[in-house]
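>>> Sequence first, then the predicted structure:
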Amino acid sequence: MLHPAATPPGDPGTPRPAALSIRGFTKTYAGGFTAVRDLDLDVPAGSFFGLLGPNGAGKTTMIGSVCNLVRPTAGQITVFGHDHESREARRLVGLAEQDINLDRFLNVEEVLVYHAGFFGMGRRQAKARAAELMEVFDLTSKAKTRSPALSGGMRRRLLFARALMHHPKLLILDEPTAGVDVELRTELWEYTRRLHRDGTTVLLTTHYLEEAEALCEEIALLRGGQIIARDTADGLRAQFGADDIAGVYLKAMAAAGVSEEAAAAELGAPDEVATATAGGAR
Ligand SMILES: Nc1ncnc2c1ncn2[C@@H]1O[C@H](COP(=O)(O)OP(=O)(O)OP(=O)(O)O)[C@@H](O)[C@H]1O
Ligand SMILES: [Mg+2]
């Protein structure tokens, strides 16, 4: 199940630390419910990695722990070799959360500039970076608009832009395209692909399996807080004798004891699935 750390080309002797390395991660929430149990996962540096699984599988719990929003009950988490609680790790990660958590009193530009401030970016530099990202995400005309007056898709774009303000090397996107129209979804895919080509490691969760199919080179399937399959997309197709990732998903869930109907139903309505998820402090 574990994946060896990738070795950069031209430097065969020195293994590069994984972008994300998780060992023995367990999360038991107050109240005694264990959402994730003894999970090991490596996301190789430079990969485009998909984390798939039904509602409640533990994806957001795991991501929250990487980003210090959820306190792990047990286990070690490192980001490019740094403990996830360290300042270095925090700087290296950009997170677009599943829940749209924007300060309703800040306008688009302020959201971006304030975020950069947390990472020690000077105001002039932050304003320049904000202008650049507002251009990329087609938000320039909304620079002075507060988040309650943005459309749902614009809020998603703003979360995406905010995650990128401090040039993270590991970009974590937790259902970034939930509720986003087809045109914008394709644009976000293109932009994410470009970031990946330029060297950013991307960890994506999605309920749109065609999105995972189009983007991810490596995939882990999570169910009930445990990894039930993990390989390259090609390796998974071969292992499960499936033509596409949707087929892999259904067969992997069946192998984990979920009926094909139940697994297919989970794939049925991603928008409702995504918006029904609870948020808040954990
Ligand atoms: N603060 C909390 N207190 C108690 N249980 C929680 C809390 N947050 C999440 N859980 C539970 O942990 C489990 C995993 O939730 P999580 O949000 O990690 O799932 P997920 O894989 O991200 O699902 P989705 O695809 O719906 O976003 C669920 O059963 C959920 O109810
Ligand atoms: Mg989630």
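Thanks, I have the structure now. Ligands and ions are numbered 1, 2, ... in the order given.
>>> Next, give phi and psi for Asp221.
Slight slip there: residue 221 is Leu, not Asp. Listed backbone geometry of Leu221 is phi -100, psi 130, with angles given as degrees, to the nearest 10.
>>> Now it: closest residue in space, sequence neighbours ignored.
Of all residues not flanking Leu221 in the chain, Ala229 sits nearest, at 4.5 Å (C-beta to C-beta, 6 or more residues apart in numbering). All C-beta atoms are positioned from the backbone trio N, CA, C, and that covers glycine.
>>> I'd like to know how far that neighbour sits from Ala178.
Plainly put, Ala229 is 23 Å away from Ala178 if you go by C-beta to C-beta, to the nearest Å.
>>> Determine how far the last residue of stretch 49-60 lies from the first.
Its start and end residues considered, stretch 49-60 measures 15 Å (C-alpha to C-alpha, to the nearest Å).
>>> and it, how far out from the chain's middle?
Centroid separation between stretch 49-60 and its chain, computed with C-alpha atoms, centre = their mean, to the nearest Å, is 10 Å.
>>> With stretch 168-184 instead?
Taking C-alpha atoms, centre = their mean, one finds the center of stretch 168-184 at 8 Å from the center of the full chain.
>>> mean confidence score for it?
Confidence over stretch 168-184 (mean pLDDT, whole number) is 91.
>>> Now the element after the longest helix seen in the chain, going C-ward?
Across the chain, the longest stretch assigned as helix under DSSP state H is helix 182-197. Reading on from helix 182-197 to the C-terminus, the next helix or strand found by DSSP states H and E is strand 201-205.
>>> and the direction of that following strand versus that of helix 182-197, what angle?
Inter-element angle recorded for strand 201-205 and helix 182-197: 150 degrees (by axes from the mean of the first three to the mean of the last three C-alpha atoms, to 10 degrees).
>>> Quick one: residues in contact with strand 201-205.
By C-beta atoms under 8 Å, 6 or more residues apart in numbering, the surrounding residues in contact with strand 201-205 are 19-20, 43-53, 59-60, 63, 98, 169-176, 192, 195-196, 211-212, 215-216.
>>> again with stretch 242-257
Applying C-beta under 8 Å, 6+ apart, the set of residues contacting stretch 242-257 from outside is 50, 52, 54, 209-210, 212-213, 216, 219, 221, 223-224, 228-229, 233, 236-237, 239-241, 260, 262-264, 266-267.
>>> does Gly50 sit in a helix, a strand or a coil?
For Gly50, the secondary-structure state derived from DSSP: H, G, I helix; E, B strand; the rest coil is strand.
>>> Quick check: bridge partners of it?
The partner list for Gly50 in beta bridges (DSSP bridges) reads Leu204, Ile219.
>>> Could you pull up the residues touching it?
Leu204, Thr205, Thr206, Ala212, Leu215, Cys216, Glu218, Ile219, Ala220, Ala233, Ile245.
>>> switch the cut-off to 6 Å
With contact set as C-beta atoms under 6 Å, 6 or more residues apart in numbering, Gly50 has these partners: Leu204, Ala212, Cys216, Ile219.
>>> ok, so what distance separates it from ligand 1?
13 Å (C-beta to the nearest ligand atom, to the nearest Å).
>>> Now do that residue, the pLDDT please.
We have a pLDDT of 97 for Gly50.
>>> so how far is ligand 2 from it?
14 Å (C-beta to the ion, to the nearest Å).
>>> Let me know how buried whatever residue of the chain ends up closest to ligand 2 is, in neighbour terms.
With C-beta to the ion as the measure, Thr60 is the residue of the chain nearest to ligand 2, at 3.1 Å. Other residues within reach of Thr60, judged by other C-beta atoms under 10 Å, total 24.
>>> and Arg16, what pLDDT?
According to the predicted model, the pLDDT of Arg16 comes to 79.
>>> if I read this right, it contacts Ala45, doesn't it?
Yes - between Arg16 and Ala45 a contact is recorded at 5.1 Å, counting by C-beta atoms under 6 Å.
>>> Between those two, which is the more surrounded one?
Ala45 (21 against 15).
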